[in-house]
Each structure stands twice: as structure tokens, then as C-alpha cells.
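Chemist: any chance you can model this:
(one chain, ligands or ions: 1)
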Amino acid sequence: MILSMIAAHDPNLVIGKQGTLPWHIPEDLAHFRERTKGHTIVMGRGVFEEIDEKPLPGRRNLVITRTQTYSNVETCNSKEQVLQLISGEEKVYIIGGGEIYRLFYPECTRLEITSIHETHDGDVYFPEYRDQIGSRWKEVFREKKKNMTFIDYDRIF
Ligand SMILES: NC(=O)c1ccc[n+]([C@@H]2O[C@H](COP(=O)([O-])OP(=O)(O)OC[C@H]3O[C@@H](n4cnc5c(N)ncnc54)[C@H](OP(=O)(O)O)[C@@H]3O)[C@@H](O)[C@H]2O)c1
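Modeler: Here you go, the predicted model:
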């Protein structure tokens, strides 16, 4: 199984501000949709609330929370339960937010990063991974756009 974290971060690894994205970049949202469609996505309760507790269409949605139960998505109360539920899947996307990226960083085998060129104010950060490029992560894809660069890394085993 490919366990991939898909995230957009700024040069300081900022990913969120006051419960939402610090930027509005339609091209990145389209990239996210394109990459994740047809796959399983795993998100924290914070992200699920951000999308108004409505599952993203065309994808199997899993929400991780210790406090809530939702009737319209699969709900898990631990990382172990998520890993059990997704075993057998070909590709699974961890879609955030900050707590969930940190929780799954040790297990994930791919990073699909949108590197936002400009800095933004924020209060939620992606885990530091850049010091492990070359030792833990090898770049396998790069596409530069006007305001951002898409970069994929595969885990080095
Ligand atoms: N730029 C990007 O690519 C990107 C992507 C996604 C999100 N974001 C941003 O990230 C921010 C949200 O991130 P966040 O860190 O606040 O929230 P989050 O990671 O979405 O969700 C946190 C919640 O997940 C649950 N949780 C965490 N660890 C758990 C565990 N071990 N077992 C069970 N449940 C667990 C808890 O829910 P309970 O309290 O219910 O137990 C916790 O409150 C927003 O600003 C959003 O815009 C950015």
C-alpha cells in the first residue's frame, strides 16, 4: 500500500490559520481533487469540521476523532484502527490537518507536496521533513507553477 501525505505548505511549513487554509489557490485545490479522487482519504476532526462535516465525494472518507461519532463517514478513534481499516487498500491519502500529519508521518511512504512560494501567517505546521531529503525521502516528481511547485517524494527503504 502507498500511504501518502498530501499537503500544501509555505516556506516555513505553515499549512493552516485559524481553522482554515491561509491562502486560496484554486489550481492547488484542483490538483488535490485530481490526485485524491477514487482513493481513500484520512482526515482529522479539525479538517472534517472545516469542510462542514460533509464527506468529499468520489472518495472513501475516514475521520479520526476521540470525541465524535458521525453517521455520514467512517469514524476511527485511533491510528491503529485507521491502519486496520485501510489495510488492503492500494493507495491512501492522509489529508491533514497538522495533528494527523504528525501522527502518520512515521508510517507514510510518500509525500505529495505543494510548496507555496510566498510566506503566510499561520498557526498550524507540517512536520519538518526537509532535513531528511536524501536520507529518508527521494524526490520523484517536480512541476513548477507561477506561485507554487508540486513536488513528490518517495520513502527510501
Ligand atoms: N495546507 C494543507 O495542505 C492543509 C491540509 C489539511 C489541513 N490544513 C489546515 O490544518 C488545520 C487543521 O489542523 P488541526 O491540527 O487543527 O486539526 P486536525 O489534524 O484536522 O484534527 C485534529 C483532531 O484529530 C483528532 N485526533 C488527533 N490525534 C488523534 C488520535 N491519535 N486518535 C484519535 N483522534 C485523534 C482529535 O479529534 P477530537 O478532538 O475529536 O478527539 C483532534 O482534535 C486547519 O487550519 C486546516 O486548514 C491544511
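
Chemist: gap between the spatially most central residue of the chain and residue 157?
Modeler: By C-alpha atoms, centre = their mean, the mean C-alpha position of the chain lies nearest to residue 95, the distance being 2.7 Å. Applying C-beta to C-beta, to the nearest Å, the value for residue 95 to residue 157 is 24 Å. Any C-beta I mention is one placed from the backbone N, CA and C, and that applies to glycine too.

Chemist: cool, and residue 22?
Modeler: In terms of C-beta to C-beta, residue 22 sits 34 Å off from residue 157.

Chemist: get me the contact residues on this structure for the ligand.
Modeler: Proximity of the chain to the ligand (C-beta under 6 Å from any ligand atom) is limited to residues 7-8, 15-16, 19-21, 43-47, 50, 64-68, 77-79, 95-100, 103, 124.

Chemist: and the pLDDT for residue 58?
Modeler: Per-residue pLDDT puts residue 58 at 98.

Chemist: show the backbone phi and psi for the residue nearest to it when sequence neighbours are not counted.
Modeler: Spatial nearest neighbour of residue 58, chain neighbours left out: residue 37 (5.0 Å); criterion: C-beta to C-beta, 6 or more residues apart in numbering. The phi and psi values for residue 37, taken as degrees, to the nearest 10, are phi -60, psi 140.
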